[in-house]
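1. Everything below, folded, please.
(one chain, ligands or ions: 2)
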Amino acid sequence: MTRAVRVRVPATAANIGPGFDALGLALGMYDVVDVAADTRTGAEPRSPLVRVSVAGNGADDVPRDENHLVARSVLSALAEFGKQPSMLDVHCHNVIPHGRGLGSSAAAIVAGVLAARELAGGEITDDAVLQLANRLEGHPDNVAPCLFGGLTIAWIDDAGMARATRRDVHPDVRPMVCVPSTSLATETARGLLPASVPHADAVHNAGRAALLVDALTDRPELLLDATEDRLHQAYREPAMPETLALVRTMRRHGLAAVVSGAGPSVLVLARDEDEGRVRELGAGWHVSTLTVEHAGATIETRADDMLGSRPADTS
Ligand SMILES: Nc1ncnc2c1ncn2[C@@H]1O[C@H](COP(=O)(O)OP(=O)(O)OP(=O)(O)O)[C@@H](O)[C@H]1O
Ligand SMILES: N[C@@H](CCO)C(=O)O
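-> Ligands and ions are numbered 1, 2, ... in the order given. Here you go, the predicted structure:
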């Protein structure tokens, strides 16, 4: 019998300025993914084993087979959880733009791993989900807020395990994003980073990252100082000069603007009264006012509610 599940996963902004590979914020922008699988032992395999359909962002660019990131994540997770599917159907309704610094790959991975947990039906902890999602993504700062919502501080412990802690964000913080029409692969942006940085820059970022947690949770008036970075944004400027120019312009106007994730989108930690100015300065960009997503990824329809059904088309 086929079991099916629907998962809703939020966009995320990693780094938030000084918190490179550690801090992340969950945003109120979502992909919805339907996954159906038959994981019975000895079930007759269907042909093809994996079917993928995609509506929305990235629909023309992603593979439609087992190489699709959601399908790949479901298959890895089911294997990890001791299950072998005889068929897998994935339908994605994508809203998060790809390669823009808004955590699209983390959202796809988290959707796949959470769907697999639901389909596997066992006692699999959030910690196990975080480990697997981190392994698939390569760093934890997007997958942690995608899973847990709010502001997350993620790190890798001495045993190599991904860990994360979550904080609520101050209600006055209004995240806005300015999204360009061009994309930048995270891999390319990571390739621009130096192997070592001046000690003074490391000291600067350590202090600002600590301040940023305080500013985002309790003291939003400190956000401009708290979002200063010296470890990654300027090094990546050659790959996204317009992004760095917009960040600098916004900051000159007193707005706490940073490169979102690996770019090229700009994240502004605004207040309601800043919205007009951000839209004015971001003319020519796709500007959205978002909310902070507090709960993180959610299972919208559980496997047992959809037993035997095909996933619904959300397009
Ligand atoms: N929903 C999805 N379905 C399938 N593949 C996806 C999906 N989302 C992202 N991808 C894959 O991941 C790539 C984008 O990942 P990348 O890490 O470069 O950017 P990002 O995750 O959007 O941004 P960032 O990591 O900076 O926040 C896409 O080009 C595509 O190959
Ligand atoms: N911390 C990551 C986030 C993007 O996935 C980076 O900036 O490379």
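2. Residues in a beta bridge with residue 176, which ones?
-> residue 268, residue 289 (DSSP bridges).
3. Any idea how far the longest helix along the chain is from the middle of the chain?
-> Longest helix in the chain by number of residues (criterion: DSSP state H): helix 199-217. In terms of C-alpha atoms, centre = their mean, to the nearest Å, the centre of helix 199-217 is set 22 Å apart from its chain centre.
4. buried residues in the helix or strand just after that helix?
-> Moving toward the C-terminus from helix 199-217, the next helix or strand (DSSP states H and E) is helix 223-226. Across helix 223-226, burial judged by 16 or more other C-beta atoms under 10 Å covers 223-224, 226. Placement of C-beta: from N, CA and C, glycine included.
5. try stretch 148-161
-> Of the residues in stretch 148-161, 148-154 count as buried by neighbour count, 16+ other C-beta under 10 Å.
6. What is the nearest of those to residue 134?
-> residue 154 (8.0 Å; C-beta to C-beta).
7. on that earlier part again, now pLDDT too, for the buried residues of stretch 148-161, in JSON lines please.
-> Formatted as JSON lines, these follow (pLDDT from 0 to 100):
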{"residue": "148", "pLDDT": "98"}
{"residue": "149", "pLDDT": "98"}
{"residue": "150", "pLDDT": "98"}
{"residue": "151", "pLDDT": "98"}
{"residue": "152", "pLDDT": "98"}
{"residue": "153", "pLDDT": "98"}
{"residue": "154", "pLDDT": "98"}
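8. Next, format the buried residues of helix 223-226 as JSON lines and append pLDDT and distance to residue 216.
-> Formatted as JSON lines, the buried residues of helix 223-226 follow (pLDDT from 0 to 100; distance: C-beta to C-beta, whole Å):
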{"residue": "223", "pLDDT": "98", "distance to residue 216": "7"}
{"residue": "224", "pLDDT": "98", "distance to residue 216": "12"}
{"residue": "226", "pLDDT": "98", "distance to residue 216": "8"}
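9. Kindly report the residues of the protein close to ligand 2.
-> 14-15, 20-21, 139, 141-142, 186, 189-190, 232, 261-262 (C-beta under 6 Å from any ligand atom).
10. Looking at the buried residues of stretch 148-161, which one is closest to residue 178?
-> Nearest to residue 178 among the buried residues of stretch 148-161, counting by C-beta to C-beta, is residue 151 at 20.5 Å.
11. so what's the closest one closest to, chain neighbours aside?
-> Take residue 151 and drop its neighbours on the chain: the residue closest to it by C-beta to C-beta, 6 or more residues apart in numbering is residue 167, 4.7 Å away.
12. show me the contacts for that neighbour.
-> For residue 167, the contacting residues are 150-153, 213, 216-217, by C-beta atoms under 8 Å, 6 or more residues apart in numbering.
13. can you check residue 265 too?
-> 97, 100-102, 177-180, 243, 259.
14. Most neighbours among those residues, which one is it?
-> residue 101 (31 neighbours; other C-beta atoms under 10 Å).
15. Could you measure from the closest residue to that one other than its chain neighbours over to residue 106?
-> Closest residue in space to residue 101, ignoring its immediate chain neighbours: residue 261 at 3.5 Å, by C-beta to C-beta, 6+ apart. As judged by C-beta to C-beta, to the nearest Å, residue 261 and residue 106 stand 9 Å apart.
16. With neighbour numbers in mind, choose between these two.
-> Counted by other C-beta under 10 Å, residue 261 and residue 106 do not tie: residue 106 has more neighbours, with 34 against 28.
17. hey, C-alpha coordinates of the helix or strand the more buried one falls within in PDB?
-> Applying DSSP H and E as the criterion places residue 106 in helix 104-120. The C-alpha coordinates for helix 104-120 follow below in PDB (Å, rounded to 0.1, in the frame of the first residue of the first chain):
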ATOM      1  CA  SER A 104      16.100  26.500  -1.400                       C
ATOM      2  CA  SER A 105      18.400  23.500  -1.200                       C
ATOM      3  CA  ALA A 106      18.100  23.200   2.600                       C
ATOM      4  CA  ALA A 107      14.300  23.400   2.200                       C
ATOM      5  CA  ALA A 108      14.300  20.600  -0.400                       C
ATOM      6  CA  ILE A 109      16.600  18.400   1.800                       C
ATOM      7  CA  VAL A 110      14.500  19.000   5.000                       C
ATOM      8  CA  ALA A 111      11.300  18.300   3.000                       C
ATOM      9  CA  GLY A 112      12.800  15.000   1.800                       C
ATOM     10  CA  VAL A 113      14.200  13.900   5.200                       C
ATOM     11  CA  LEU A 114      11.000  14.800   7.100                       C
ATOM     12  CA  ALA A 115       8.800  13.100   4.600                       C
ATOM     13  CA  ALA A 116      11.000  10.000   4.900                       C
ATOM     14  CA  ARG A 117      10.700  10.100   8.700                       C
ATOM     15  CA  GLU A 118       6.900  10.200   8.400                       C
ATOM     16  CA  LEU A 119       6.800   7.400   5.800                       C
ATOM     17  CA  ALA A 120       9.200   5.200   7.800                       C
END
